[in-house]
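1. Show me how the following folds:
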Amino acid sequence: MKAVVFAVSAFFILTVGGNLNAAETVPPSNYKLPPARSLIGKWKTPFYVKFYTQMDSSRGVFEDVATEKRIITWIITKGPNDNTVNIRQTYRRKEFTLLDPDVAVPPSPGESPFLVGKISGTRLTVKSWTGEKFGSFTFTTDHMAGTWDYTTTVGIYKVDRIYTKRKELKLVKK
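-> Residues are numbered from 1 along each chain as shown. Model prediction:
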C-alpha cells in the first residue's frame, strides 16, 4: 500500500512540477498564429449575397432602408509579412431594393476596393488601409465564411452601415 501511495505521490509531483514550467512556453498576448492555409489567389461568392444598408432615422437609431444582392470577387496577394494579405475587391450588383420609399438611398458606390487582411490561424480580419474594420472570416483551404459589417463615419457621426447577416458572406477559392 505504501508503494502505491508513493508511486501516486511521485506521479503527481512530477506531473504538476512539469506543468509549472508550461507557463514559460505560452506565447505573448500579441502573438499571431501563422496562417493555417495560403489565401493567395482568386476567391468568389458562388451565389448572390444579400447586403443590407442602414441609415440613421429621424428617431436617432439605425434602420434598414435598402438591400442589394452582390457577387463578390477577391484577388488576394501576399502582404508585407506572413500574417498579412492584400485584397482587391470587386463586386457586381444584381438588384437594389428600397425598403422605405420615403428615404432617398443611392446604391452604394462600393466600399474600398483595396483592403488588408490580418491572419491568425484560420481567422481573417478584413480592414481598409486606414484601419477601419470591414469584416471577420474563418477559412479552410478552399472555403471562407464571415460577416461583412462596415459603418461609414464622418467625424464623430455614424452615417450609414452596410452589413450581411452573420456568416452569410461565403467565398470559394477558384
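
2. just checking, next helix/strand downstream of the one helix or strand in the chain whose mean pLDDT sits lowest?
-> Across the helices and strands of the chain, the lowest-confidence element by mean pLDDT, DSSP states H and E is helix 2-20, at a mean of 48. The helix or strand immediately downstream of helix 2-20 is strand 41-44, counting by DSSP states H and E.

3. which parts of that following strand are buried?
-> residue 43 (16 or more other Cβ atoms under 10 Å). Every residue, glycine included, has its C-beta placed from N, CA and C.

4. Pull the residues that contact the following helix or strand past that strand.
-> Scanning forward in sequence from strand 41-44 by DSSP H and E, the next helix or strand is strand 49-56. The contact list for strand 49-56, computed with Cβ atoms under 8 Å, 6 or more residues apart in numbering, reads 62-72, 103, 105, 108, 148, 158-165, 168-170.

5. Could you export strand 49-56 as CSV, CA atoms only?
-> C-alpha atoms of strand 49-56 as CSV (Å, rounded to 0.1, in the frame of the first residue of the first chain):
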residue,chain,number,x,y,z
VAL,A,49,-25.3,37.6,-51.2
LYS,A,50,-27.8,40.0,-49.7
PHE,A,51,-26.3,43.1,-48.2
TYR,A,52,-28.3,45.5,-46.0
THR,A,53,-28.0,49.3,-45.8
GLN,A,54,-28.9,51.1,-42.6
MET,A,55,-29.2,54.8,-42.1
ASP,A,56,-29.9,57.0,-39.1
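
6. What pairs with it, parallel or antiparallel?
-> Applying DSSP bridges to the sheet, strand 49-56 is found paired with strand 62-78 (antiparallel), strand 157-163 (antiparallel).
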